[in-house]
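[1] with the sequence up front, the predicted model follows.
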Amino acid sequence: MTDSSLRVLLSAAEIQARIQELGKQITADYPSGTLQLICILKGACFFLADLARAIDREVRVDFMGISSYGKGKTSSGEVRVTKDLDISLEDSDVLVVEDIVDSGVTLNYLIHILEQRRPKSIRVAALLDKPDRRLRPVHVSYVGFRIPDEFVVGFGLDYAEKYRNLNDICVLQEPPGAPGQCLLAG
Ligand code: PRP
């Protein structure tokens, strides 16, 4: 797709190579048993599809929908589950798969509620991490790329539902919105 407002930050080749590395690392870290992957809709489904195939272990996948009140996320942690899991997590090794950790509000909330379901272990894999934007603490065990505080789209990340199907991750150079307005990635 040719779009002059996009600048490639991470190419498809870089992304795929890094996902293979993460898959090897995860395979080594979980030497036995089944790994339960939990994909946070919608953006992470692209990362999940490639990561699951890069893990040389039995994996299962399930999906969870999360909504933040409005898009003006704050440290108030106002998040709700819009689609819950179909499966129990009891005694499972759980890996939460996210496309991006930004403020950390979503994951901070999510980990809290998933821990109440008594998994054997729970970790997070995120393709992108924007540490400069953190409002809530989150421990991410597997990070694809740490990126600067720029508005990124592609490989699952959208702006108003657009651009999710880009193979690259791009900076949207002139995102719509008033100058100085805070635009949230993802
Ligand atoms: C994005 C991303 C995370 C969340 C991270 O989802 O997938 O779930 O935002 O932001 P935070 O760290 O500030 O909480 P988004 O709400 O854009 O939904 P989408 O994946 O359906 O586009």
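    Arrived safely, thanks for sending. Numbering: from 1, shown residues only.
[2] now residue 35: how far from residue 29?
    9 Å (C-beta to C-beta, to the nearest Å). In this view, the C-beta of every residue, glycine as well, is placed from N, C-alpha and C.
[3] higher neighbour count, the two?
    residue 35 (22 against 15; other C-beta atoms under 10 Å).
[4] contact partners for the residue nearest to the more buried one when sequence neighbours are not counted?
    Using C-beta to C-beta, 6 or more residues apart in numbering and skipping residues adjacent in sequence, the residue nearest residue 35 is residue 59, 4.9 Å away. Applying C-beta atoms under 8 Å, 6 or more residues apart in numbering to residue 59 gives the contacts 34, 35, 36, 37, 52.
[5] any idea which element the residue nearest the centre of the chain lies in?
    The centroid of the chain falls nearest to residue 98 when counting by C-alpha atoms, centre = their mean (1.8 Å). For residue 98, the host element (DSSP states H and E) is strand 93-101.
[6] what residues sit buried inside that strand?
    93, 94, 95, 96, 97, 98, 99, 100, 101 (16 or more other C-beta atoms under 10 Å).
[7] repeat that for stretch 111-128.
    111, 114, 119, 122, 123, 124, 125, 126, 127, 128.
[8] so can I have CSV of those showing secondary structure?
    Below are these laid out as CSV (DSSP: H, G, I helix; E, B strand; the rest coil):
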residue, secondary structure
111, helix
114, helix
119, coil
122, strand
123, strand
124, strand
125, strand
126, strand
127, strand
128, strand
